[in-house]
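1. Curious how this folds, go ahead:
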Amino acid sequence: MQRGRSSAEGGGVSAKGEESGQQRRSQCKWKSQVSQGSIGGVSAEGEESVQRENPVQKKGTSCPSLLSQSPAPSSSLLAQPPAPASFPRPASCKQWLCLSLQQKSGSRPGGHDTSAASSQSPVTAAVRPPGCLLTQLSLLPPCPTSSPPAQRPLPLPSLLSPCPASSPPAQPPLPLPSLLSPCPASSPPAQPPLPLPSLLSSCPASSPPLTPLPLPGLLSPCPASQKTLQGHGLSHTLNPPPTLHEPELWSDGCNDFICKCLIKDFELRPNVIDLLQHPFIKQITGKEKLLPKQLIELIDLNQQTGTIEKTRPHGNTDRDGTDRHERIHTKKGNHMKNQGDSDEVEDLAALEVLDENTVTDHLQNRFERDLIYTYVGDILIAVNPFHPMDIYTAENSKMYIGVKRKENPPHIFAVADMAYQSMVTINADQCVVISGESGAGKTEGAHLLVQQLTFLGKANNQTLQEKILLVNNLVEAFGNACTVINDNSSRFGKYLEMKFTAGGTVVGAQISEYLLEKSRVIHQATGERNFHIFYYVYAGLADRKKLAHYKLSDNKTPKYLFNEHVKLGPDIVSNASYKEQFDAVEQCFKVIGFTLEELGSVYSILAAILNSGDIEFSAVVTEHQTDKSDITNVAALENVASLLCIRCDELQEALTTHCVVARGETIVRTNTVEKATVVRDAMSKALYGRLFSWIVNRINSLLRPDSGQRGENEQNLNIGILDIFGFENFKKNSFEQLCINIANEQIQFYFNQHIFAWEQDEYLNEEVDARMIEYEDNRPLLELFLQKPVGMLSLLDEESRFPQATDQTLVEKFECNLKAKSFWRPMRVDHGFGITHYAGKVTYNAAGFLAKNRDTLPADIILLLRSSENELICKLVTHPLTKTGNLAHTKGKGMNTLRSPRGTTRTVNLTKSDGDTPYHPRETTNMRTQTVASYFRYSLMDLLSKMVAGQPHFVRCIKPNNDRQANNFDREKVLLQLRYTGVLETAKIRRQGYSHRILFANFIKRSVRQSCGEYV
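-> Numbering: from 1, shown residues only. Below is the predicted model of the structure:
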């Protein structure tokens, strides 16, 4: 310990002799203070020189002549006059040492007098006020006009004074040019080198002569001689510790502290207790809060210019009247600026210049080299390449298993591994939130996460892994569709929970689906298509010659699939891709565990929905009434009745009439053509929506973990993956776009809470002095939508209860009650209103809002479908709906107990009785109180409750262009997304924050495990 302390304080090295057979010879110890600009070290201001410890040292044994003037032919470097105060920094250590020796020579005995200004770097010669905290803390060099002169440095020859006991006469002095030779191998000395043993003068009687070593290696050790020098115990002097990039910009105390921290010889390196007692550290006592504030203000002032600078308080100027800013070169920033390789930075938070243009340029440069992933702290940015990439192979999966994030390039597999390792390590649920606008690549990202998590989980059952990987494909066939901006757009919200044991083995999965866009079944906007499954089934059944079996035409496009740009023959029936997808979907059904009977029922229901769209109505004019309708194409009606396994006449009656219950009696009334069309479409939407919910429930039951796979008291750990429809802004935006964008507002609010609000609240609670980052808080906008009783959804539900309400009265109610800057009415647009979302302004058309919100399924249709002989169809209308609008998952026992007997007329009393009479369908579905808006509200609550239960990980997907073209980076498009997603603010808070934090209890637990040797 004494040896380490002596080395740390004085920077000296002791030379060891060898042991003889009788006793160990005494060592020649020497210490010296190395002045700033001397051999590879820095000296603290005011530190005293340490004298030799040998009490018998002789005076006058040092060799001042060693640094005396050299012969004239070899002293060209010293022939230069001393440089003025504004001299440029020398380019080499040789020049720098010569200039330093000249400047210091005025303070040596017999040397020339040199001014104080000339002995300092030009940047340190500025006048600083005595009250500057950075100067008081010795972070900056002392002012030459007020600081006492530095102690005279010890002449370099004294470092090499011979042993006084047995020293032969000193040899002739070595010329200085030879002393400055950079490497003996490449630069021959002017005169024969002086052997190193003669300088150290080991006892010649007992020590063999050492191999002569050229002295020039003292100042510039070359690789060839480095090992030899270290072998002689001179590693600290000849292999000095690293220094700051420009040590002249810093105070002596700061340089000395850095030097001691970086001593390479661990035996000589001071310990932490010694370092804490260093004068540079001790002077901070009592100023812990003031100094960070000054540094924060300093960083804020200069971060936009790409430099980090030290400066005095504002208002202080140099003698020439200009502000003095002294630059601090960080290693990474300087490397990027000099080498021009900022493209290699994989974390936006590490960029030296952090503004919109720099971030956009950085993403573009990486995108053009097929580097689509970039980090922002612990958040992943993924730019959609719009073309296949070969970075998702099995080899890539192995690269991202249990490794540090920086060891591999950014990748979505790294996010999966981070979630998995966090789940196993801290024994807590995880959640991965994938967000971005439509077409940004969220669905594909969810597929890759499931792929990697399944690979990490290593299920014992290979079939289970295959089932989990096929779940997304099956659900997306029923829930995705082609839109004008995305060929595979999610038209529902999906939250997939993968279930693991405590050891990390995947044992099952569960899907939660939200807000399916059922209106797409009956109508698609121009340029859009219906759900994928309709085209797959049509093409697949045609390929197997089964269209006639399912009552589908081979020459006429169903109305629900009709599109002026899509022809039945070439675009659907003969589409090879659709046929392949049909085979894949059927294989998914079989692998996951659906029976052939269930699969046939699914095809029958889909075919019935397509045939339902072809049922046409005409008005029947009679003498007494004109509001009666009739079905003109009975063939389509018969096809639907056959596929649904119900009676044709009852279906016709349910479509053209409706029942009204008054005073316990049921009255039958006729429907107009418009009313009959609404009933037909409502039946189609309800069948498809409930079929989708049933498929999801069936998948969950087939993938539910076995109770035998975990212990009695062991609970499963979950990793949830959220894949929800992205933000949308079309030429015409309706009720569906409003719900989608509200959901994205909620996801953005969740992101803001985690990244900004809760982060900064934690700083305040922990009393961490940090800058507050400003961000766009969309809480007021969410209150505009969800607040009760004057929020937009509440007003919509209220207006939907009035039979005489119209879409125009709804917009007027919005305008009267929504007094917010985010709501506005466009000029000369009927049924129009605008919302300023976090992603921009969107204009909505309220036409059809009330009808879509009511989404009622008449009780007559429910009662009729309950009489179906198809068991699956009975289940769809018998199971109640949950608060989120999905089909409740119940067991199949007793399913036929609620089936109405065939032949029952609808004029009977449907009120409750004391017997086993079936209760009214309205009581089962709770249709009087539930609307689409209420389903939507509960869906958001349920989704957030699942997300909050886990530790979040975020993936931000970016869409590079609107044309879905590969290698096309639209800067304005990307910049807009960066702005409204808050990527720049995220980079700022990640750069100043604490990226790795664990709970105190977990920290203690892990420390105990480490101390016991259980933690790897």
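2. all contacts plus neighbour counts: C-alpha atoms, from now on.
-> OK.
3. quick one: low-confidence ranges for the stretch 801-950 of the chain?
-> Applying pLDDT under 70 to the stretch 801-950 of the chain flags the ranges 890-929.
4. let's go with 90 and repeat that
-> Along the stretch 801-950 of the chain, the model assigns pLDDT under 90 to residues 803, 819, 827-831, 855-856, 888-930.
5. what about the spatially closest residue to residue 419 that is not a sequence neighbour, neighbour count?
-> Nearest non-adjacent residue to residue 419, counting by Cα to Cα, 6 or more residues apart in numbering: residue 430, 6.0 Å away. By the criterion of other Cα atoms under 10 Å, residue 430 has 25 neighbours.
6. Show me what residue 430 is bridged to.
-> residue 719, residue 951 (DSSP bridges).
7. just the strands in the stretch 901-1016 of the chain please.
-> Assigned by DSSP state E, counting those that start in this stretch, the strands in the stretch 901-1016 of the chain fall at 951-958.
8. Check for me that residue 381 belongs to a strand.
-> Yes - assessed by DSSP: H, G, I helix; E, B strand; the rest coil, residue 381 belongs to a strand.
9. Show the pLDDT at it.
-> At residue 381, the predicted lDDT confidence score is 96.
10. Near it, how many other residues are there?
-> 24.
11. who does it bridge with?
-> Applying DSSP bridges, one finds that residue 381 bridges with residue 374, residue 956.
12. quick revisit: report the contact partners of the residue nearest to residue 419.
-> Residue 430 sits next to 419-420, 422-423, 718-720, 949-953 when contact means Cα atoms under 8 Å, 6 or more residues apart in numbering.
13. That one and residue 498: what is the separation?
-> 10 Å (Cα to Cα, to the nearest Å).
14. Show me the common contact partners of these two, please.
-> Common contact partners of residue 430 and residue 498 (Cα under 8 Å, 6+ apart): 718-720.
15. Just send the residues you listed back as a markdown table, with pLDDT too.
-> Converted to a markdown table, the shared contacts of residue 430 and residue 498 look like this (pLDDT from 0 to 100):
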| residue | pLDDT |
| --- | --- |
| 718 | 95 |
| 719 | 97 |
| 720 | 96 |
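16. In terms of helices and strands, where is residue 669?
-> Assigned by DSSP states H and E, residue 669 falls within strand 665-670.
17. following that strand, which helix or strand comes up?
-> According to DSSP H and E, the helix or strand after strand 665-670 is helix 673-702.
18. is it true that residue 887 touches residue 698?
-> No - with contact defined as Cα atoms under 8 Å, residue 887 does not reach residue 698; the gap is 11.1 Å.
19. between the two, which one's more packed in?
-> More crowded of residue 887 and residue 698, by other Cα under 10 Å: residue 887, with 25 against 16.
20. Give the buried residues for the strand holding residue 669.
-> Buried residues in strand 665-670, counted by 16 or more other Cα atoms under 10 Å: 666, 670.
21. So in that sheet, which strands flank it, and in what orientation?
-> Assessed with DSSP bridges, strand 665-670 is paired to strand 657-662 (antiparallel).
22. If I take the strand it pairs with and helix 673-702, what angle do their directions form?
-> 90 degrees (axes from the mean of the first three to the mean of the last three Cα atoms, to 10 degrees).
23. Could I get the average pLDDT for strand 657-662?
-> 85.
24. Model confidence score at the closest residue to residue 493 other than its chain neighbours, please.
-> Nearest non-adjacent residue to residue 493, counting by Cα to Cα, 6+ apart: residue 724, 4.2 Å away. Residue 724 carries a pLDDT value of 88.
25. before we move on, what about residue 763?
-> For residue 763, pLDDT reads 77.
26. Is it in a helix, a strand, or coil?
-> Per three-state DSSP, residue 763 ends up helix.
27. could you list every residue that touches it?
-> By Cα under 8 Å, 6+ apart, the neighbours of residue 763 are 769-770.
28. From here on, call the first residue 5.
-> With the count now opening at 5, the last piece we talked about shows up as residue 767.
29. Output the below-cut-off pLDDT ranges for the stretch 155-304 of the chain.
-> For the stretch 155-304 of the chain, the stretches with pLDDT under 90 are 155-259, 262-281, 284-304.
30. how about the strands in the stretch 355-504 of the chain?
-> Going by DSSP E, counting those that start in this stretch, the stretch 355-504 of the chain shows strands at 377-380, 383-387, 434-439, 484-485, 493-494, 497-504.
31. nearest to residue 457, of those strands?
-> strand 497-504 (8.3 Å; Cα to Cα).
32. Okay, now the sheet partners of the closest one, with direction.
-> strand 510-518 (antiparallel), strand 721-727 (antiparallel).
33. what's the following helix or strand after the last one?
-> Moving toward the C-terminus from strand 721-727, the first helix or strand encountered (DSSP H and E) is helix 739-756.
34. what residues does that following helix touch?
-> Contacts of helix 739-756 (Cα under 8 Å, 6+ apart): 439, 521, 729-733, 781-783, 786, 789, 841-842, 848-850, 852-853, 856, 940, 944, 985.
35. Buried members of these into ChimeraX, please.
-> Of those, the buried ones go into a single ChimeraX selection, burial set by 16+ other Cα under 10 Å:
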select :439,521,729,730,731,732,733,782,786,789,841,842,848,849,850,853,856,940,944,985
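36. ranking the strands of the stretch 355-504 of the chain by burial, who's on top?
-> strand 493-494 (a mean of 26; mean count of other Cα atoms under 10 Å).
37. Surely residue 882 touches residue 872?
-> No - the criterion here is Cα under 8 Å, and residue 882 misses it with residue 872 at 11.1 Å.
38. between the strands paired with strand 497-504, which one is nearest to residue 296?
-> strand 721-727 (39.3 Å).
39. Name the residues of the closest one that come out as buried.
-> 721-727.
40. what's the most distant pair in those?
-> Largest pairwise distance in the buried residues of strand 721-727, by Cα to Cα, is 19.7 Å, between 721 and 727.
41. Count the residues that sit near the residue nearest to residue 498 when sequence neighbours are not counted.
-> Nearest non-adjacent residue to residue 498, counting by Cα to Cα, 6+ apart: residue 517, 4.8 Å away. Residue 517: 23 surrounding residues under other Cα under 10 Å.
42. One more: residue 859?
-> Neighbours of residue 859 (other Cα under 10 Å): 20.
43. Can you tell me how far it is from residue 693?
-> In terms of Cα to Cα, residue 859 sits 12 Å off from residue 693.
44. Would you mind giving the secondary structure of residue 708?
-> Classified using three-state DSSP, residue 708 is coil.
45. Any idea how many residues pack against it?
-> 14.
46. Phi first, then psi, for it.
-> Taking degrees, to the nearest 10, you get phi -70, psi 140 for the backbone angles of residue 708.
47. wait, it sits on residue 512?
-> Yes - counting by Cα under 8 Å, residue 708 touches residue 512, with 5.5 Å between them.
48. which residues sit in contact with residue 577?
-> Per Cα under 8 Å, 6+ apart, neighbours of residue 577: 542-544, 546-547, 558.
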